[in-house]
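Enquirer: just to be clear, the model below is a prediction. Sequence and coordinates:
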Amino acid sequence: MDTKETNIYETDELVGQYCDFQYGDEYFGVANFAKACAQKAIDYSKGTSQTKALDLGCATGYASFELAKTFDYVDGIDYSQAFVNVAKQLQHTGGISYTQNGEGEIKNRKEVCVDDFGFREVSPKVHFSQGDACALAPEFKEYDLIMATNLIDRLYAPHLFLKSIHERLNKNGVLVLTSPYTWKEEYTAKEFWVGGYADENGQEITTLNALKEMLGKHFELIATEDVPFVIRETPRKFQYTISQMSVWKKK
């Protein structure tokens with residue numbers, strides 16, 4: 001996740017919630033979202049060399065590790081230093097512990113080991129760092145796959161990311177975007193929304209159509225599909241969301 005300010009994504013509660021989201025139990029028959037996205041991205045990028053991948057908005061790192069089962073080198077980048085610290089701890093120590101919300105003030109302590117997910121052998125191929133998707137450092141380039149997970153509607157300037165991301169992909173490289181398109185001014189000023197508004201003529205602008213306009217010069221849209229996810233807040237409160245995955249091949 002990326003935002004301009006280091007807000008809720010640096011809190012212990014959100015760190016615990018995202019650890020549980022990525023490494024915890026599955027609920028209501030919905031598959032692990034990070035794993036599902038990584039596996040779909042691997043499938044869609046089979047036409048590339050599958051050598052180098054970038055996981056933007058990597059959160060606590062699950063998808064980055066999953067991509068490393070196929071790719072030789074994976075960069076995992078998130079704006080939240082707290083999230084990145086969790087991923088690095090899991091990578092370097094082989095395990096993490098985090099707090100899961102129970103009822104009211106009750107807290108449950110959970111532990112996770114890389115061996116639970118088959119990540120130990122691939123862990124050295126992943127490189128985690130804190131970064132801003134709207135202003136990535138020049139060295140992040142020459143990827144066969146870039147995956148930006150539930151990212152664009154949390155960026156302060158998504159146009160900066162979208163207009164230059166092609167420069168970081170190899171020819172025929174694949175860009176995978178997922179988002180529920182929940183545009184909110186607390187994350188993105190309305191003037192920078194990619195979709196979710198009506199223009200001056202009253203025409204509704206959807207995010208997917210806006211992405212086609214913004215990315216069409218450099219990319220071909222090759223697939224879209226819905227990917228659901230569930231985030232546990234408490235034992236009796238869950239977020240059920242459907243994210244749209246759009247897959248783009250660099251021309």
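Expert: Arrived safely, thanks for sending.

Enquirer: pull the longest strand from the protein.
Expert: As assigned by DSSP state E, the longest strand anywhere in the chain is strand 219-234.

Enquirer: packing partners for it?
Expert: Helices and strands touching strand 219-234, as assessed by 3 or more CB pairs under 8 Å, 6 or more residues apart in numbering; DSSP states H and E, comprise helix 12-23, helix 33-44, strand 95-101, helix 207-215, strand 237-250. Where C-beta positions appear, they are placed from N, C-alpha and C, glycine not excepted.

Enquirer: quick one: Ile152 from Asp75, how far?
Expert: 18 Å (CB to CB, to the nearest Å).

Enquirer: returning to what we had before: which one of the helices and strands packed on strand 219-234 lies closest to His127?
Expert: helix 33-44 (16.0 Å; CB to CB).

Enquirer: now the angle between strand 237-250 and that closest one, please.
Expert: Put simply, helix 33-44 runs at 20 degrees to strand 237-250, going by axes from the mean of the first three to the mean of the last three CA atoms, to 10 degrees.

Enquirer: what pLDDT, on average, does helix 33-44 get?
Expert: For helix 33-44, mean pLDDT is 98.

Enquirer: tell me the strands beside the helix or strand just after that helix, with direction?
Expert: Once the chain leaves helix 33-44, the next helix or strand it forms, by DSSP states H and E, is strand 52-56. Using DSSP bridges, strand 52-56 pairs in its sheet with strand 73-78 (parallel), strand 143-149 (parallel).

Enquirer: mind listing what Asp116 touches?
Expert: Tyr23 (CB atoms under 8 Å, 6 or more residues apart in numbering).

Enquirer: make that Leu221, sorry
Expert: 211-212, 215, 246-248.

Enquirer: measure it to Thr149 for me?
Expert: 18 Å.

Enquirer: could you look up the SS state of the residue located most distally from the centre of the chain?
Expert: Distance from the centre of the chain peaks at Asn201, with 33.7 Å (CA atoms, centre = their mean). Following DSSP: H, G, I helix; E, B strand; the rest coil, we place Asn201 in the coil state.
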